[in-house]
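Undergrad: Next come a sequence and a model predicted from it.
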Amino acid sequence: MSLQLGDAAPNFTAQTTEGDINFYDYLGDSWGVLFSHPADYTPVCTTELGRTAALKSEFAQRNVKVLAVSVDGLEKHKDWVKDINETQNCTVDFPIIADEEKNVASLYDMIHPNASETFTVRSLFIIGPDKKLKLSLTYPASTGRNFIEVLRVIDSLQLAANYSVATPADWKQGEDVIVSLAVSTADAERKFAKGIKIVKPYLRYTAQPNID
Ligand code: BEZ
């Protein structure tokens, strides 16, 4: 059975473009984004890894470490990185796992045989500091992922973890958030200094708590 939200993210050791790693040690206390791409020297993948590199400071601000993975080998990864840096005007300095034995791909169910017998699909996992799986998404080879959306989910997850709030549809930084159903209205009135707006007993908003 494939991994489900709340499951422990499987640990592994792997060869990467940044040296050998133990996944858990690499993550330390950080959040993690582990994402697969089908193959090196392919166009959509080139833009995805370039975009991830360009967003380095956004991931760092959120205490997130990223790792990419495909079933290509280390030398191929290292050579392809030169193309990514050149064409996407970036510096890729996060690890790209060389998963020729498909160890990580198997642990994270990244090969979907009816899409491709050999290549990983575009899987992406967000892993919390507790090493539990917080989000998984799967895109087809022909669609590059939206890394701004990945950051938005991380913001939402971190708000939920720290402030007992959830985020509404299409929520963006700075907009009101939803008071968790686990918090009573009486407790919410005490907890959220900026006040709460009660639309329905189950639909209560408050200003985003971690900004002024
Ligand atoms: C791409 O990255 O463009 C791609 C990779 C594998 C299959 C199709 C497209």
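TA: Alright, I've got the coordinates.
Undergrad: Output the contacting helices and strands for the lengthiest helix in the chain.
TA: Criterion DSSP state H: the longest helix present in the chain is helix 147-163. Helices and strands touching helix 147-163, by 3 or more C-beta pairs under 8 Å, 6 or more residues apart in numbering; DSSP states H and E, are strand 31-36, helix 43-54, strand 122-127, strand 133-139, strand 165-166. No exception for glycine: its C-beta is placed from N, CA and C like everyone else's.
Undergrad: Those: which one's closest to the ligand?
TA: helix 43-54 (3.3 Å; C-beta to the nearest ligand atom).
Undergrad: how distant is that closest one from the center of its chain?
TA: 14 Å (C-alpha atoms, centre = their mean, to the nearest Å).
Undergrad: can you check stretch 176-193 too?
TA: 27 Å.
Undergrad: Export it to CSV, keeping only CA atoms.
TA: The C-alpha atoms that make up stretch 176-193 are tabulated as CSV, following Å, rounded to 0.1, in the frame of the first residue of the first chain:
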residue,chain,number,x,y,z
ASP,A,176,-7.6,35.6,7.3
VAL,A,177,-7.3,32.0,8.5
ILE,A,178,-9.9,29.6,10.0
VAL,A,179,-10.0,28.7,13.7
SER,A,180,-9.5,25.0,14.1
LEU,A,181,-12.6,23.0,14.9
ALA,A,182,-10.7,21.6,17.9
VAL,A,183,-10.8,25.0,19.6
SER,A,184,-14.0,26.1,21.3
THR,A,185,-15.3,29.6,20.6
ALA,A,186,-14.6,30.6,24.2
ASP,A,187,-11.0,29.4,23.9
ALA,A,188,-10.6,31.0,20.5
GLU,A,189,-11.7,34.4,22.0
ARG,A,190,-9.0,34.1,24.6
LYS,A,191,-6.3,32.6,22.2
PHE,A,192,-6.6,34.9,19.2
ALA,A,193,-5.7,38.5,20.4
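Undergrad: contact partners of the longest helix of the chain?
TA: With contact meaning C-beta atoms under 8 Å, 6 or more residues apart in numbering, helix 147-163 is reached by 31, 33, 48, 51-52, 55, 58-59, 62, 64, 124, 126, 128, 134-135, 165-167, 171-173, 177, 180, 208-210.
Undergrad: buried set for that helix?
TA: Along helix 147-163, these residues count as buried under the neighbour rule (16 or more other C-beta atoms under 10 Å): 147, 150-160, 163.
Undergrad: what is the orientation angle of it with strand 122-127?
TA: 20 degrees (axes from the mean of the first three to the mean of the last three C-alpha atoms, to 10 degrees).
Undergrad: from the chain's centre, how far out does helix 147-163 sit?
TA: The answer for helix 147-163 is 9 Å, by C-alpha atoms, centre = their mean.
Undergrad: Average pLDDT for it, rounded please.
TA: For helix 147-163, mean pLDDT is 98.
Undergrad: returning to that earlier point: dump the buried residues of helix 147-163 into a markdown table; add distance to Ile97 as well.
TA: Formatted as a markdown table, the buried residues of helix 147-163 follow (distance: C-beta to C-beta, whole Å):
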| residue | distance to Ile97 |
| --- | --- |
| Phe147 | 18 |
| Val150 | 18 |
| Leu151 | 22 |
| Arg152 | 25 |
| Val153 | 22 |
| Ile154 | 20 |
| Asp155 | 26 |
| Ser156 | 27 |
| Leu157 | 23 |
| Gln158 | 25 |
| Leu159 | 30 |
| Ala160 | 28 |
| Tyr163 | 33 |
